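*Asks:* got a predicted structure here, sequence first:
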Amino acid sequence: MKIYRCSFTASTAWGGAMDDCRADATYSDAMHKSLLNDDFIYAIVSQFELNTRGIHGPMHWGRVMENGLRLAEETGADRKVVALFAFFHDSRRINDGHDPEHGLRGADFAAVMRGTLFELSDDAMHLLHYACQYHSEGLLDADITVQTCWDADRLDLGRVGVKPRPDRLCTEAARQIEIRDWANYRSENFVVPDFVASWIEHDRNTPVCGGGNA
Ligand SMILES: [Fe+2]
Ligand SMILES: [Fe+2]
C-alpha cells in the first residue's frame, strides 16, 4: 500500500516532466488566489471526518481540481464550479468504503456554505449541487460543466488501482490518451498539489509527516 509522505510534492513527483509541473503550479496559484483562499480550505478540511492523507481527502481534491481545470481549457466548463466540486464532492464522507449518500451530503454542505465561504449564481449552484450529488452514479450525460467535474474525479481513480475506461468518461477532452496518462500517473503516484500540501500537514488527526510504508 502506498502512503503519502509530506516531502512528495508535485514537483518531486514529476521529475523530468517540468512543463507539466509548471502548468499545475499555474492552476494552483491562480485558483488559490481567486477562489480557494485559506479560509475556504480550512473550513472544508477542518470538518472532514476522515484522514486527510486518505484516498478521499485533500490530496484527491487537489488532483481533481487540477484535472478539472485542465479539462476546462477544452470543454469550456465553469472553472469556479469545477474547483468547488473538487473540494465538496467527497468532503462529507463518513468512511472510505461504501457510502452511498456522500455525494448528496457534499452537495448539501456546499449549498449551506454558499454565501459564507463562496459566492455563486443560482444556475452555477444548481450545477455544483447536481455534480456533487450524482458524481458516483456512473452517469455520462449532463451539462458540460457537470461532465467536466465527473471526469475530473474519474481521472483520479488510479489511486485505487483503477484506470478509467474511455467509455466511462463523459468528455472527449478526458478521453484523450495524453490526458488519461497524465492524470493516471499523478493518481497512481499520489502526487500532492502544492496548494493542498500544507493543509494535509496540519491535519488534526495524524502526525505531521507521519506517513511511511505500510
Ligand atoms: Fe465520491
Ligand atoms: Fe472523488
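*Replies:* All right, it came through fine. Numbering: from 1, shown residues only. Ligands and ions are numbered 1, 2, ... in the order given.
*Asks:* only C-alpha atoms from now on, for both contacts and neighbour counts.
*Replies:* OK.
*Asks:* only alpha carbons, please: show stretch 39-49 as PDB.
*Replies:* Once non-C-alpha atoms are left out, stretch 39-49 reads as follows in PDB (Å, rounded to 0.1, in the frame of the first residue of the first chain):
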ATOM      1  CA  ASP A  39     -10.400  30.400   5.000                       C
ATOM      2  CA  PHE A  40     -12.200  28.300   2.400                       C
ATOM      3  CA  ILE A  41      -9.700  25.400   2.500                       C
ATOM      4  CA  TYR A  42      -9.600  25.500   6.300                       C
ATOM      5  CA  ALA A  43     -13.400  25.300   6.600                       C
ATOM      6  CA  ILE A  44     -13.600  22.200   4.300                       C
ATOM      7  CA  VAL A  45     -10.500  20.400   5.800                       C
ATOM      8  CA  SER A  46     -11.300  21.100   9.400                       C
ATOM      9  CA  GLN A  47     -14.800  19.500   9.200                       C
ATOM     10  CA  PHE A  48     -13.600  16.400   7.200                       C
ATOM     11  CA  GLU A  49     -14.100  13.300   9.400                       C
END
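*Asks:* so for that stretch, mean pLDDT?
*Replies:* Stretch 39-49 carries an average pLDDT of 93.
*Asks:* residues contacting L157?
*Replies:* The neighbours of L157, taking Cα atoms under 8 Å, 6 or more residues apart in numbering as the test, are 163-164, 184, 187.
*Asks:* switch the cut-off to 7 Å
*Replies:* 163-164, 187 (Cα atoms under 7 Å, 6 or more residues apart in numbering).
*Asks:* want to try CSV for those residues, with distance to G138, pLDDT and secondary structure as columns?
*Replies:* Compiled in CSV, the contacts of L157 are given as follows (distance: Cα to Cα, whole Å; pLDDT from 0 to 100; DSSP: H, G, I helix; E, B strand; the rest coil):
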residue, distance to G138, pLDDT, secondary structure
K163, 14, 95, coil
P164, 11, 93, coil
S187, 19, 97, helix
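*Asks:* among those, who's most crowded?
*Replies:* When neighbours are counted as other Cα atoms under 10 Å, the busiest of those turns out to be S187, with 25 neighbours.
*Asks:* show residues contacting stretch 109-128.
*Replies:* Residues outside stretch 109-128 that contact it (Cα under 7 Å, 6+ apart): 40, 81, 85, 88, 146.
*Asks:* if we use 10 Å, what do you get?
*Replies:* Residues outside stretch 109-128 that contact it (Cα atoms under 10 Å, 6 or more residues apart in numbering): 35-37, 39-41, 43-44, 78, 80-89, 91-92, 103-108, 129-133, 142-146, 149.
*Asks:* which element follows the helix or strand hosting W182 toward the C-terminus?
*Replies:* The secondary structure element spanning W182 is helix 177-188 (assigned by DSSP states H and E). Scanning forward in sequence from helix 177-188 by DSSP H and E, the next helix or strand is helix 194-201.
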